[in-house]
Structure formats: C-alpha cells, structure tokens
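In: One predicted model, sequence on top.
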Amino acid sequence: MLERNGSNSSQERLLFDLPTGLPGIADDDGEPFLIAMVMAAMAERRDIRVEGRVSATLLANLEEYCAAWNCWLPEEYARISMDAQRIEDYAHPTPAAASSAVTAFSGGADSTFTVWSHVSRRAGHRSLNISHCAMVRGFDIPFGSVAEFSVVFEKASAALASVGIPLVPIATNFREISRLNWEHVFLAALVASLHFLKPVGFKALIASGEPYNHLLYPWGSTPMTDYLLSSDSLQVVHDGASFSRTEKVADIASWREGCESLRVCWEGAAKDRNCGVCEKCIRTQLNFLANGLTIPAVLGEPVSNRMIRGVRIRNSTVRTEYAQIYNAAVRNNIRGSWLWALKYLLFAGPIRASIRRCAARILRPFLSYKRMKA
C-alpha cells in the first residue's frame, strides 16, 4: 500500500503479480517498492519512508540517482530524503544465484540481442548465464489486456525455449497508477519488477536502447544511471550499448526463433503483433535490409519506397537511427532503390517538419478565431 501524507494525501495499491513455484522474496523486502516509487516522490517533492527492510547500498545509490535526475530536470524532479524501518545488509546470494542473471524479454530487437549475445557467448568475458527472463503485462501491453498478453507470451516462450531459458510472466498496475512521463520512469518500473526474480539471478541485464556514441538523456535508461538502481541483492547491468540497433539485428539474424518472434510495434491497434506500417516497424525492416538480410515475415509486408519517404521522424534520436541505417548500408555495400528513399527521408524530413511547424504557427490564430466564433 502506498500512502501520501500531508497535502493531497491518498492511498493506492501497487500490485506485482507473479506465478507460484518460483522462490519468493521476503515479505518485508521493501526494495522493489522503493525503486518503483522514488521518481514519483521526487516529482511530488515528498520524502519516502519504507515500512520494511532496505539495504544501505540501495539508499546510497538512490540518492545519487535522484541527484542525476535533479541535475537533468530540476523543475520536474527534486532531491528527497529516504528512510526505512530497517536498514541492513542483505544476505549474500546463493552461489547459483550469484553466477546467474535475469533480464526482461519483450520480443523487441534490443532484448532479443541481449539474450542471444549472452546465450551464444558473443559477449565474451561479459557473457552471463541467464536463468530466467521476464515479460511484464502492464507496460507496453496494458494491465487489463490479458488475452493479447497471452498470445505474445506464448510466442516469446517458444523462442526462449529454443535456448533453454524459461519465461516468467509478471503483471503490475504500475503504469495505471503512475502520474509520470513513461519515458522517464520505465526503467525504474522494470527494475522493480525484476527484483522479484533476484532469488534466481543476482544480476539484472538491462537491454540498451542507444549506443554509447548516440546516448539520449534525460531518458529512463542510460549506462550513466541504470547501475544506481542496484542494491545488495540485485546488481543492475546496462547491456549492449557498444552496438547500434542495425548491428544488433545483424547478430540476432542467426537466431531463427528469436527473429520469428520479434515484436517491435507499439503504435498498432493490436498489441500482440506488428502492424507493419508504423515508424518502428518500417525502421526495423530497414535494419535488416541494411545488413543484406531477408525481412522476417513477422514484421509484415516488405516496406515500399513510398512508405520510407512518408515516415514522420518525431525527434533527433529517431533521425539518428535512420542515419545509422543508411551508413551501415553504405559500409555493407548494399544497393537498392530503398536507399534513395531513405536518403530522401533524411534530407527532406527536417524540411517537411519545419514547414509543418511554420504552417501551424501561421494557422493557429485563424483556427483560434474560428473556435471562438463557433
């Protein structure tokens, strides 16, 4: 139960639901709940008191985590104080758990790469034994979408079964009760969820989104701040940031089952499949084309040049992703008319966006006047 005291006091129930049969965390373990709510407390400028047990390591790390977000967005996130009913060291993980890792698996390119790079030992000396993966209902698939989640879960389970890793379903209402920008808080919500698997894996692998040479911040997950969500009982490891998304796709192409279960779409109406026409679906198809690879059928019909030219690039980060695709195709000596369509997008996209912004500024007074008259 989460209680807000003082002004705007309230009570809310934060739920994490896991299947039976797994080793559970202690009833008084407050770490997942502290991590889940730390950014809400910063946004509301409230101090936190945990009625349970928390490690001193986590409290120290979260102080620095809060400081980082306060430096990035001082108007949105304040530094706060945190305390717990009991602050004590956690027992060392068992030898089996200490040598194992857990990670989230959504079926996206990033999480698929993280699993495959460790299973295939392509991560070199960094390769870890992944004991379990988790798929969370309540993040990209809404908490109440049980049927859609079941379809996605079965496909992902089959892919992971090919490499001997069980998939654990976790359900949480975190996003339903959160009042924050999801792009800021998603990693804290994910790490809080993975804390329930720490009896079977001491390290939590967090699949990177952007490579080191194109880091994005403020953003929920970065190699600068992810490790600050670590505690005595779970070490958070940012994974895969030395690879671009196109390079990741080149690697996972050798895992047939992983490619056949890719799910990258978040804009489509159906959450259990790729729509094949949104920006993310198009971009993922181009990741394959830039490596000279066949586009998996799960990504939809092959992208057309018209679809590429018509992509609306939302921000500079997405534009950088398309530039990386173009540069990778050139390095790989790839030829095709789609490259000309991509080149047009990269050069014409900013011009089109500028025209739309100018048109919006010009039309705004006229539209406001029409609304007033109506």
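Out: In hand now; what should we look at? Numbering: from 1, shown residues only.

In: only C-alpha atoms for contact and neighbour calcs from this point on.
Out: Fine.

In: Show me the strands in the stretch 101-250 of the chain, by range?
Out: For the stretch 101-250 of the chain, strands defined by DSSP state E, counting those that start in this stretch occupy the ranges 129-137, 167-172, 203-207, 235-239.

In: Return the most buried member of these.
Out: Most buried of the strands of the stretch 101-250 of the chain, by mean neighbour count (mean count of other Cα atoms under 10 Å): strand 203-207, with a mean of 25.

In: circling back: any idea which of the strands of the stretch 101-250 of the chain gets closest to residue 321?
Out: strand 203-207 (16.6 Å; Cα to Cα).

In: quick one: the closest one to strand 235-239, angle?
Out: Strand 203-207 and strand 235-239 meet at an angle of 30 degrees, taking axes from the mean of the first three to the mean of the last three Cα atoms, to 10 degrees as the criterion.

In: Which among the strands of the stretch 101-250 of the chain is found nearest to residue 294?
Out: Checking the strands of the stretch 101-250 of the chain against residue 294 by Cα to Cα gives strand 203-207 as the closest, at 24.1 Å.

In: Show me what that closest one is in contact with.
Out: Here strand 203-207 makes contact (Cα atoms under 8 Å, 6 or more residues apart in numbering) with 98, 100-104, 110-111, 113-114, 191, 194, 234-240.

In: can you do 7 Å?
Out: The contact list for strand 203-207 (Cα atoms under 7 Å, 6 or more residues apart in numbering) reads 100-103, 110-111, 114, 234-240.

In: shaky segments in the stretch 201-350 of the chain?
Out: Applying pLDDT under 70 to the stretch 201-350 of the chain flags residues 349-350.

In: mind redoing it with 90?
Out: The model of the stretch 201-350 of the chain has pLDDT under 90 over residues 216-217, 266-271, 312-318, 347-350.

In: returning to what we had before: distance to residue 298 for the strands of the stretch 101-250 of the chain - can I get that in TSV?
Out: Converted to TSV, those look like this (distance: least, Cα to Cα, whole Å):
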stretch	distance to residue 298
strand 129-137	19
strand 167-172	20
strand 203-207	21
strand 235-239	25
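
In: Can you check which of these gets nearest to residue 309?
Out: Of all those, strand 203-207 sits nearest to residue 309, with 29.6 Å by Cα to Cα.

In: Tell me the strands beside that closest one, with direction?
Out: Partners of strand 203-207 in the sheet, by DSSP bridges, are strand 100-104 (parallel), strand 235-239 (parallel).

In: Just give the number of residues close to residue 21.
Out: 6 (other Cα atoms under 10 Å).

In: Tell me the secondary structure at it.
Out: Three-state call for residue 21 (DSSP: H, G, I helix; E, B strand; the rest coil): coil.

In: What separation do you get for it and residue 132?
Out: Remark: distance between residue 21 and residue 132 (Cα to Cα, to the nearest Å) = 13 Å.

In: what's the answer for residue 91, then?
Out: Separation of residue 91 from residue 132 (Cα to Cα): 21 Å.

In: Could you give the number of residues near the closest residue to residue 186 other than its chain neighbours?
Out: Closest residue to residue 186 apart from its sequence neighbours, by Cα to Cα, 6 or more residues apart in numbering: residue 220 at 5.9 Å. Residue 220: 18 surrounding residues under other Cα under 10 Å.

In: Check whether residue 220 really touches residue 187, as I assumed.
Out: Yes. Counting by Cα atoms under 7 Å, residue 187 is a contact partner of residue 220 at 5.4 Å.

In: Could you work out the most separated pair of the contacts of strand 203-207?
Out: The span of the contacts of strand 203-207, defined through Cα to Cα, is set by 110 and 234 at 21.1 Å.

In: residues near residue 231, how many?
Out: 23.

In: cool, and residue 337?
Out: When neighbours are defined as other Cα under 10 Å, residue 337 has 10 of them.

In: just the one 4 residues further on next, same as before
Out: Here the count is done by other Cα under 10 Å, and residue 341 has 17 residues near it.

In: ditto for residue 213
Out: 10.

In: so where is the stretch 1-150 of the chain shaky, pLDDT-wise?
Out: 1-12, 21, 89-99.
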